[in-house]
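>>> can't give you the sequence, but here's the structure:
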Ligand code: PMP
Ligand code: GLN
């Protein structure tokens with residue numbers, strides 16, 4: 001049975017959001033905002049529904065969204081894509097990841113290299129695709145990979161190097177040396193780079209650098225993003241993948257039989273969002289940075305050691321100073337002890353690596369200021 005090694009199991013997000021609902025605790029576990037995104041985007045979906053945009057859209061996605069993705073990649077990163085051949089709309093980043101791996105993996109000897117901890121769907125889709133997962137550890141507190149360990153993980157068996165930058169769950173943004181080494185190794189071993197950049201606009205210090213912009217990367221990189229995080233529409237599940245036409249065609253070949261097409265009225269709305277002005281994009285990063293600072297201060301005041309993230313919705317803490325020895329047990333008890341839900345980092349690691357993350361816990365900062373303040377005051381009671 002696929003996944004009998006434990007790679008396919010109920011997701012931690014369902015478990016922890018159910019715990020929050022059951023206990024009435026503040027949910028700083030699953031990463032979703034508690035406020036709506038830009039009014040123009042919401043209005044565009046409403047108006048599409050009202051105007052009869054309610055049947056199957058084209059398989060690749062509506063041309064206007066394909067163009068908007070290409071325009072966005074050029075506007076922010078100087079990447080030039082042919083919207084008709086080099087972009088594909090998917091059911092969120094999740095489907096893009098699954099379809100890309102199912103398309104690229106040939107057989108059980110193929111390996112997929114990922115940084116660990118990793119977003120939980122990665123191990124599951126590698127298992128579904130029938131490949132081997134090879135992990136490179138990211139260590140507390142800065143969560144940058146050791147380049148020797150990265151080099152040791154990549155070989156001629158590597159079919160895909162799967163990168164997530166900014167990184168969930170750690171909030172790390174990888175340094176230029178890491179990105180360069182990923183490209184060099186992929187070229188050397190003829191691997192494809194699949195890069196998950198769903199937090200591309202949620203970076204706090206420096207502008208995001210897509211791997212596809214690096215010399216030598218363009219011809220072997222599939223870049224994935226999604227509207228959920230950028231436009232606070234995580235429930236709409238509209239994502240996209242872009243890269244060289246033959247790779248995108250391979251992903252489309254699989255995607256047709258996973259979902260066929262995706263939410264027609266949400267696609268023009270995503271196109272509207274991608275074309276919003278610079279103020280919007282700077283605004284969401286600035287707002288989230290302030291929330292990160294607020295949450296970080298609250299967590300520190302509560303007695304945690306805090307790793308301040310450079311991007312993403314998330315902040316990772318070490319709960320050992322509060323006596324934790326098992327992050328999963330700590331998180332299961334947290335609603336009772338403090339009325340807050342968080343996610344143990346062990347949920348993002350393979351079973352034989354758990355000890356590295358044994359006392360680390362992820363909190364989400366993508367909530368209203370008053371919610372973060374209330375969570376901080378509840379957590380202060382822990383010490
Ligand atoms: N990749 C990462 C790193 C994520 O954090 C998430 C979840 N939010 C996804 C992929 C899935 O994105 P989507 O909801 O667009 O499928
Ligand atoms: N990406 C979000 C997180 O990491 C939610 C994921 C999910 O619910 N599958 O928390």
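That came in fine, so what should we check first? Treat the numbers as computed from the prediction; the structure is a model and nothing was measured. Ligands and ions are numbered 1, 2, ... in the order given.
>>> In the chain, what residue comes closest to ligand 1?
Nearest residue of the chain to ligand 1: residue 92, at 2.4 Å (Cβ to the nearest ligand atom). For the C-beta atoms, the positions are set from N, CA and C on the backbone; glycine is no exception.
>>> How about the contacts made by residue 78?
Residue 78 sits next to residue 213 when contact means Cβ atoms under 8 Å, 6 or more residues apart in numbering.
>>> Return the distance of residue 381 relative to residue 306.
18 Å (Cβ to Cβ, to the nearest Å).
>>> and the two? which has more neighbours close in?
residue 306 (19 against 10; other Cβ atoms under 10 Å).
>>> ok, the more buried one to residue 300 distance?
Taking Cβ to Cβ, one finds residue 306 at 5 Å from residue 300.
>>> Give me the phi and psi for residue 331.
phi -70, psi -40 (degrees, to the nearest 10).
>>> give me the number of residues near it?
26.
>>> do residue 95 as well
26.
>>> my read: it touches residue 255, true?
Yes - in this structure, residue 95 is within contact of residue 255 by Cβ atoms under 8 Å, at 6.7 Å.
>>> how does the chain divide into domains?
12-37+279-380, 39-274 (automatic domain parsing).
>>> mind putting those domains in a markdown table, mean pLDDT included?
A markdown table is the format used below for these (pLDDT from 0 to 100):
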| stretch | mean pLDDT |
| --- | --- |
| domain 12-37+279-380 | 96 |
| domain 39-274 | 98 |
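>>> Any residue of the helix ranked longest in the chain touching ligand 1?
If you go by DSSP state H, the chain has its longest helix at helix 278-302. No - residues of helix 278-302 are not located near ligand 1 by Cβ under 6 Å from any ligand atom, the shortest gap being 13.8 Å.
>>> which helices and strands sit right next to that helix?
strand 305-307, strand 314-318, helix 369-380 (3 or more Cβ pairs under 8 Å, 6 or more residues apart in numbering; DSSP states H and E).
>>> Need the winner for burial among these.
strand 314-318 (a mean of 26; mean count of other Cβ atoms under 10 Å).
>>> Return the list of strands paired to that strand, each annotated with direction.
Under the criterion DSSP bridges, strand 314-318 sits next to strand 305-307 (antiparallel), strand 360-364 (antiparallel) in its sheet.
>>> Mind putting those strands into JSON lines with distance to residue 135?
JSON lines is the format used below for these (distance: least, Cβ to Cβ, whole Å):
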{"stretch": "strand 305-307", "distance to residue 135": "19"}
{"stretch": "strand 360-364", "distance to residue 135": "16"}
